[in-house]
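J.: I'd like to go over a predicted model; first the sequence, then the structure.
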Amino acid sequence: MLYFKYDRTFDGLLTCIFDAFNRKEFPDNIVGEDMQLPLFTESFKVVTDEVRADRVLKALRKKISPSATDMLFVSYLSEIEGIEMTLFRYIQKALTAEFSIEMNFADPDVLELSKIYKKVTREEERMRQFVRFQKTTDGIFFAVMDPAHNVLPLSARFFRTRYADQQWIIYDIRRKYGFFYDLKTVETVHFDHLDVSLETGKLTAEKLDDYELAFQGLWKDYLKAITINERKNLKLQRQHLPKRFWKYLTEKQA
Amino acid sequence: MNPNIFDKLKTLAEAAKFDVSCASSGTTRNNPGNNLGSAAGWGICHSFTEDGRCVSLLKIMLTNHCIYDCAYCMNRRSNDVPRSTFAVSELVELTIEFYRRNYIEGLFLSSGIVRNADYTMERMVRVAKDLRLIHRYNGYIHLKSIPGAGRELVAEAGLYADRLSCNIEMPSEESLRIIAPDKDYQSVYRPMHYIQQGFLQGAEDKKKYRHAPRFAPAGQSTQMIIGASPDDDNRILHLANDLYQRPAMKRVYYSGYIHVNTYDTRLPALTTPPLVRENRLYQADWLMRFYQFKVDEIVDESHPNLDLEIDPKLSWALRHPETFPVNVNTADYETILRIPGIGVKSAKLIVSSRRFGRLTSDNLKKMGVVMKRAAYFITCNELPTFTVQEAGPEYIRKALTAPKKKKTDDRQLIIQFDNPLIPNS
């Protein structure tokens, strides 16, 4: 068994592919360098090299469409266990095939990757749906999220366009980073200490704008008023609005 | 902030809740000048209420005072309900503040009719105008066009709104006359026609001048109440089909009737809203819009109502067994779309994948085809199966509508307590 170790970056993964072709040795598994390897395995440590990664991308662009190339990075953000090997096999097939394989959904890797891509983009859509901003005393709109996949980089552009005239922060509480928009650019931020309730994602009352709690109340009242009780269907609600999102949703908090 | 805004919001949201339209799609606004808001082409649902319906827009009424007395409506003149009215500025502020917190995708404004149609319409247009021109708001706006509103007001509404709608409410004019004596089809069709003209004119101008103002870029929609009148599905779907032939008509919504005014004897006393029928109508609507079905194939004089037990596509397939089984490896896209258990997505996957090799039932299953239904109607690269030709339509209907069996453990002894051989049971 041959294991490749890499630094858990997308460029690192592309370098793995370059090195595999270069060495004519193909890994049975690719893992992060911090992982403990099983017994009786050979390992090879891949050193991330942007030039090599770029060459792989360039070669890929000749074989598959730009949208399929973008799909690879988006699927990588899923952080699903084993995504490295799925991507590796896909790219290997794409590079060696005579025609583009991207539409062959009878191939297990192509289908698998298209499903993962769907999962990630769906999660990103849920960010757009379920982010709830709170206005703070200094006029910044603040929200925390806990998405299943690392989708924050994908949704930054959307929030930048939509809320172009207000300062906002969206913070990924699991991966401990966020984006801050200061009316000009979007920048990455890290907080060592965050004054946020982990159960509700809400800031403490003294940090909130005077009318913030009133608007949260109005929103809750609105949702109660708009419900048609004769048509109550909690199962359908949960289908569209899975319970894992409820904790940071204003309307689901008492 | 005005403290009675809480009461106003509750009253006026409750008054608006029976309007089903909630789409925020069909329009793109890019927000080039760093102002507030954007619209993304397809809609975003921001929350879901306990009835499972999505909340995309702030669906609200400007006022629930009304001079009309429509039998199905909660806000009719003769009902004793709390009445309220928003000031234009209050509603604008509420929309902006909700929008900034990412609660909503935009505003869906409707209104009861005060004084006359034009007076009401003018106030609604002012809300949209203030949002667009004073607050430079680029989010979605859906305005209800009041039945009987004049051409100029509809034309102005179209400049600020993304979508306009005018509800037809009853599937036939006789029913409308009985149930809503103040309205007639003329008062609904006229604004509908204004919207259509404005939409076509806007599209025409756009070709000539790059910066021509857009007129209601997301078109118009309408709504029918289902189950409040004796009209059958044949009538409803043919009307919907006629409406879809109009260039600006994007959606027809069906709303299962809820018996709110229990004292009114003109309406059927339904204990539960006709949810299954409503669902079947939406399925039929989808068949017309996305599956290339003609309305006559779904319902006709001999089958005036949709089958409540099975979906309209399966129902069509069982009436036309001669079309099946279809070979998914060779049939064209249109034919594949008609197979029960295969949707638009899987049909597209099938068509693009079969160029690389023959598909097996295992492939189909992984692509998301519902094999439980599709198995009777297809052949793929495998040994012949038990299809509709061998089984017959009756058998398939029975097999697919059989209630789900509870899982039982074969190792467990089952004692039947109503067994006559056991005394005192």
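T.: Okay, I see it. Numbers count the residues shown, from 1 in each chain, chains lettered A, B, ... in the order given.
J.: So the most centrally placed residue in chain B, which state does it fall into?
T.: By CA atoms, centre = their mean, chain B has its centre lying nearest to B:Y253, at 3.7 Å. Recorded secondary structure, B:Y253: strand (DSSP: H, G, I helix; E, B strand; the rest coil).
J.: Figure out the helix or strand that the residue of chain B found nearest chain A lives in.
T.: Residue of chain B nearest chain A, by CB to the nearest CB: B:G52 (2.9 Å). Glycine gets a C-beta too; all of them are placed from N, C-alpha and C. Under the criterion of DSSP states H and E, B:G52 resides outside all helices and strands.
J.: backbone phi and psi for it, please?
T.: phi 80, psi 0 (degrees, to the nearest 10).
J.: who's in contact with it?
T.: A:R231, A:N233, A:L234, A:K235, A:L236, A:Q237, A:Q239, A:H240 (CB atoms under 8 Å, 6 or more residues apart in numbering or on different chains).
J.: How about the contacts made by B:V276?
T.: B:L308 are the contacts of B:V276 under CB under 8 Å, 6+ apart.
J.: Any chance of the backbone angles for it?
T.: Reported as degrees, to the nearest 10, the phi and psi values for B:V276 are phi -70, psi -40.
J.: Just the pLDDT for it.
T.: For B:V276, the model assigns a pLDDT of 94.
J.: Tell me the spacing between the closest residue to A:S100 other than its chain neighbours and B:H303.
T.: Leaving aside its sequence neighbours, A:S100 sits nearest to A:I64 (CB to CB, 6 or more residues apart in numbering or on different chains; 5.0 Å). Separation of A:I64 from B:H303 (CB to CB, to the nearest Å) stands at 48 Å.
J.: on that earlier part again, quick one, phi/psi of the residue nearest to A:S100?
T.: Taking degrees, to the nearest 10, you get phi -130, psi 170 for the backbone angles of A:I64.
J.: you'd agree it is up against A:A94?
T.: Yes. A:I64 lies in contact with A:A94 (CB atoms under 8 Å); the separation is 5.2 Å.
J.: Show me the common contact partners of the two, please.
T.: A:S100, A:I101, A:E102.
J.: So which of those residues is surrounded by the most neighbours?
T.: A:E102 (22 neighbours; other CB atoms under 10 Å in any protein chain shown).
J.: isn't that one right next to A:A68, touching?
T.: Yes. The pair A:E102 / A:A68 is scored as a contact, 4.2 Å apart, by CB under 8 Å.
J.: all strands of the chain, in order?
T.: In the absence of a named chain, this looks at chain A. A:2-6, A:29-32, A:42-45, A:134-135, A:141-145, A:168-172, A:177-181, A:186-189 (DSSP state E).
J.: if you could check chain B rather than the one you did, that'd help
T.: B:28-29, B:39-40, B:47-48, B:54-55, B:57-61, B:106-110, B:140-144, B:163-165, B:220-226, B:249-256, B:326-327, B:378-379.
J.: Would you mind putting those strands into a markdown table with mean pLDDT alongside?
T.: A markdown table is the format used below for the strands of chain B (pLDDT from 0 to 100):
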| stretch | mean pLDDT |
| --- | --- |
| strand B:28-29 | 84 |
| strand B:39-40 | 82 |
| strand B:47-48 | 95 |
| strand B:54-55 | 93 |
| strand B:57-61 | 95 |
| strand B:106-110 | 95 |
| strand B:140-144 | 94 |
| strand B:163-165 | 94 |
| strand B:220-226 | 93 |
| strand B:249-256 | 94 |
| strand B:326-327 | 93 |
| strand B:378-379 | 92 |
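J.: and chain B, what are its domains?
T.: Domain assignment for chain B by automatic domain parsing gives B:5-267, B:314-401.
J.: In contact with B:G37: list those residues for me.
T.: A:R162, B:R29, B:N31, B:Y99, B:G106, B:Y137, B:N138, B:G139.
J.: Can you pull out the low-pLDDT segments for the stretch 301-425 of chain B?
T.: B:416-425 (pLDDT under 70).
J.: go with 50
T.: Within the stretch 301-425 of chain B, the set of residues satisfying pLDDT under 50 comprises B:425.
J.: picking that back up, what about the residue nearest to the centre of chain B, distance to B:S47?
T.: For B:Y253, the distance to B:S47 - CB to CB - is 19 Å.
J.: hmm, who's touching the longest helix along chain B?
T.: Using DSSP state H to define each element, chain B has its longest helix at helix B:185-208. For helix B:185-208, the external contacting residues (CB under 8 Å, 6+ apart) are B:117, B:145-149, B:151, B:154-155, B:158, B:164, B:166-169, B:173, B:176, B:212-217, B:219-220, B:222, B:246-249.
J.: The same query, at a cut-off of 7 Å, please.
T.: B:145, B:147-149, B:151, B:154-155, B:158, B:164, B:166, B:168, B:173, B:176, B:212, B:214-216, B:219-220, B:246-248 (CB atoms under 7 Å, 6 or more residues apart in numbering or on different chains).
J.: go on, stretch B:293-311?
T.: B:232-234, B:237-238, B:241, B:276-277, B:280-281, B:283-284, B:287-288, B:312, B:315-316, B:397, B:400-401.
J.: Get me the contact residues on the stretch 201-350 of chain B for chain A.
T.: Within the stretch 201-350 of chain B, the positions adjacent to chain A are B:I258, B:P273, B:L275, B:L349 by CB under 7 Å from any CB of the partner chain.
J.: quick check: mean pLDDT across stretch A:124-139?
T.: 94.
J.: That one near chain B at all?
T.: Yes. Using CB under 7 Å from any CB, stretch A:124-139 comes into contact with chain B via A:R128, A:Q129, A:V131, A:R132, A:F133.
J.: so who does the third one touch?
T.: Contacts were defined as CB under 7 Å, 6+ apart; by that measure A:V131 touches A:A143, A:M145, A:I170, B:N102.
J.: Among those, list the two that are farthest apart in space.
T.: Using CB to CB, the contacts of A:V131 reach their maximum pairwise distance at A:M145 and B:N102, which is 11.0 Å.
J.: Need the shared contacts of A:I64 and A:A94 in CSV (columns: pLDDT).
T.: Shown next, in CSV, are those (pLDDT from 0 to 100):
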residue, pLDDT
A:S100, 88
A:I101, 90
A:E102, 88
